[in-house]
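Participant: Following is a predicted model, sequence given first.
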Amino acid sequence: MAGKLYGVGIGPGDPELITVKAKRILAEADVVAVPKTAAEKESLARTIAEDALEKGKEILELLFPMSFDEKVLERSWNEAIGKIQEKLDQGKCVAFITLGDPTVYSTYMYIHKQLHKEGYAAEIIPGITSFCAVAARAGVSLGENREAIAIVPSAYECDNLENILQSFDNIVLMKLSKSFPKLKELLKAEGLSERAVLVSKCGMKDERVTYDLSLLNGEKISYFSTMIVKKGGVR
């Protein structure tokens, strides 16, 4: 009998934000699959979840290069699916750990859908999203009363970002390191520069919270950065 796959959200970075259920699944799973961006690099997800992993737990490292090339991404997904499938066919339960929540811009969902389609049992264990943790850290609300919220993966080109900024009360901009210079100019043009807060590496040791975007001139922004723009103000 084939094992079961779990997609386990471990939160944005603070190990204390891993849920009780996530810890239980990690303890019960035969194998913990950990994503890596490069073979020589440590897995950030594994580092965060380290205290929740039992000694001697079987670890399956999966390589997912930081790339926007769909062919490169598809190849990495297929290789990961094959390795996970091998463990499942051995009757082992596999817990795939992922930052934040598995359903929010996560590599895991591609694997989940394909293996579920092939008949394997698969379950998603939700985790605290980066933008919820960022809002809490910055002391702002994501939504009050009838405020409308937009969540944008701004690492990609977003042709209608100007329209989004005009149409929503609160805007969450995720993974914005690549687009930050352009975004700063757009916020200035829309009069929203002082209504935004940027949090980098939320919950990690080198976390940084910035309310004054003018302080970030020519500075490299971490990939793990999230911005909240609130038309009602962030302070």
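Facilitator: In hand now; what should we look at? Residues are numbered from 1 along each chain as shown.

Participant: okay, now the nearest residue to Val199 once chain neighbours are set aside: neighbour count?
Facilitator: Nearest non-adjacent residue to Val199, counting by Cβ to Cβ, 6 or more residues apart in numbering: Val134, 4.3 Å away. For every residue, glycine as well, the C-beta is placed using N, CA and C. By other Cβ atoms under 10 Å, 26 other residues sit near Val134.

Participant: Where do the domain boundaries of the protein fall?
Facilitator: Using automatic domain parsing, the domain ranges for the chain come out as 5-125, 130-230.

Participant: tell me how far the first one is from the chain's mean position?
Facilitator: Its chain's C-alpha centre lies 12 Å from the corresponding centre of domain 5-125 when counted by Cα atoms, centre = their mean, to the nearest Å.

Participant: and what of stretch 212-232?
Facilitator: In terms of Cα atoms, centre = their mean, the centre of stretch 212-232 is set 17 Å apart from its chain centre.

Participant: what about it, start to end distance?
Facilitator: In stretch 212-232, first residue to last residue: 16 Å (Cα to Cα, to the nearest Å).

Participant: quick one: contacts of that stretch?
Facilitator: Under the criterion Cβ atoms under 8 Å, 6 or more residues apart in numbering, residues 12-13, 66, 130-131, 134-135, 138, 140, 142, 147, 155, 165, 169-177, 180, 183-184, 187, 192-193, 195-202, 204, 210, 234 lie in contact with stretch 212-232.

Participant: Only whichever of those residues are buried, select them in PyMOL.
Facilitator: Buried members of these, defined by 16 or more other Cβ atoms under 10 Å, are picked up in PyMOL with:
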select buried, resi 12+13+130+131+134+135+138+140+142+155+165+169+170+171+172+173+174+175+176+180+183+184+187+192+193+195+196+197+198+199+200+201+202+204+210+234
